[in-house]
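Colleague: Provide a 3D model corresponding to the input given below.
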Amino acid sequence: MPFFLNFDYEIQVSTFSAKSCSFELMNTEKTIEQYYLKAADLCSKSEKCSNDIREKLQQWGADQQMTEQLIQRLQSEKFIDDARYAGYFVKDKFRFNKWGRVKIAYMLRMKRVAPVVIDEALTTIDEEEYCETLENLIRQKAPKTTGKTVFEKKAKLLRFGQSHGFESSYIFPIIEKILTSR
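Modeller: Next up is the predicted model:
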């Protein structure tokens, strides 16, 4: 008869003889300190928001009360800082992924970052650089975009800009500028 063990249990042999063998399973619950060390290690490797760590702790088996205590401790020791996380997130997604404010804000909301923190982080984007990035994206896309009419081409470029998270109020003037300069 096969015998399988879960990694959360230890075997304690209480009696052993040739005729019988009895096992007692002892539950080895993780302590709050073990969860803390594991979460702190994760936070020290890369920037995480409180929601990321909350989800990880729950995956690892921490209960709700323990999770909240650990989040508070990690925040007080500056392992977790949602404002710092949002700032880096905005900077990275704008520079490397060429995302606009709408898409960045949406993704931060999905990570349950506070709206005030999101708004503050989005103000770090330079307005001139923001417009230049959008213009470069649309300039690269415009020659590849086909349409039977100019209206269809504008609609496709508008959807492209919006899919990158840029606001329509920025997209329309740039499309007009690019299509009329040809």
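Colleague: pLDDT wise, what is the spatially most central residue of the chain at?
Modeller: Note on the chain: the residue nearest the mean C-alpha position is Lys111, at 5.8 Å, using C-alpha atoms, centre = their mean. Lys111 carries a pLDDT value of 96.
Colleague: for the one 5 residues further on, same thing?
Modeller: Reported pLDDT at Val116 in the predicted model: 97.
Colleague: burial count for it?
Modeller: Here the count is done by other C-beta atoms under 10 Å, and Val116 has 9 residues near it. To be clear about C-beta, it is placed using only N, CA and C from the backbone, and glycine gets the same treatment.
Colleague: now swap in Arg73 and tell me
Modeller: For Arg73, the neighbour count with other C-beta under 10 Å is 15.
Colleague: Quick check: it touching Tyr36?
Modeller: Yes: Arg73 is within contact range of Tyr36, at 6.5 Å (criterion: C-beta atoms under 8 Å).
Colleague: Following element in sequence after the helix or strand of the chain with the lowest mean pLDDT, please.
Modeller: In the chain, no helix or strand scores lower on mean pLDDT, DSSP states H and E than strand 21-27, which sits at a mean of 37. Following strand 21-27 in sequence order, the next helix or strand is helix 32-45 (DSSP states H and E).
Colleague: Name the next helix or strand downstream of that following helix, please.
Modeller: Using DSSP H and E, the next helix or strand after helix 32-45 towards the C-terminus is helix 50-60.
Colleague: who's in contact with the residue nearest to the centre of the chain?
Modeller: Residues counted as contacts of Lys111 (C-beta atoms under 8 Å, 6 or more residues apart in numbering) are 49, 51-52.
Colleague: and it, backbone torsions?
Modeller: Lys111 has phi and psi values of phi -90, psi 10 when expressed as degrees, to the nearest 10.
Colleague: doesn't Ala40 make contact with Leu57?
Modeller: No: applying C-beta under 8 Å, one finds Leu57 not in contact with Ala40, separated by 11.6 Å.
Colleague: neighbour count winner among those two?
Modeller: Shown here are Leu57 and Ala40; by other C-beta under 10 Å, Leu57 has more neighbours (23 against 17).
Colleague: got the contact list for that one?
Modeller: Per C-beta under 8 Å, 6+ apart, neighbours of Leu57: 35, 39, 66-67, 70-71.
Colleague: Doesn't Leu158 lie inside a helix?
Modeller: Yes: counting by DSSP: H, G, I helix; E, B strand; the rest coil, Leu158 is found in a helix.
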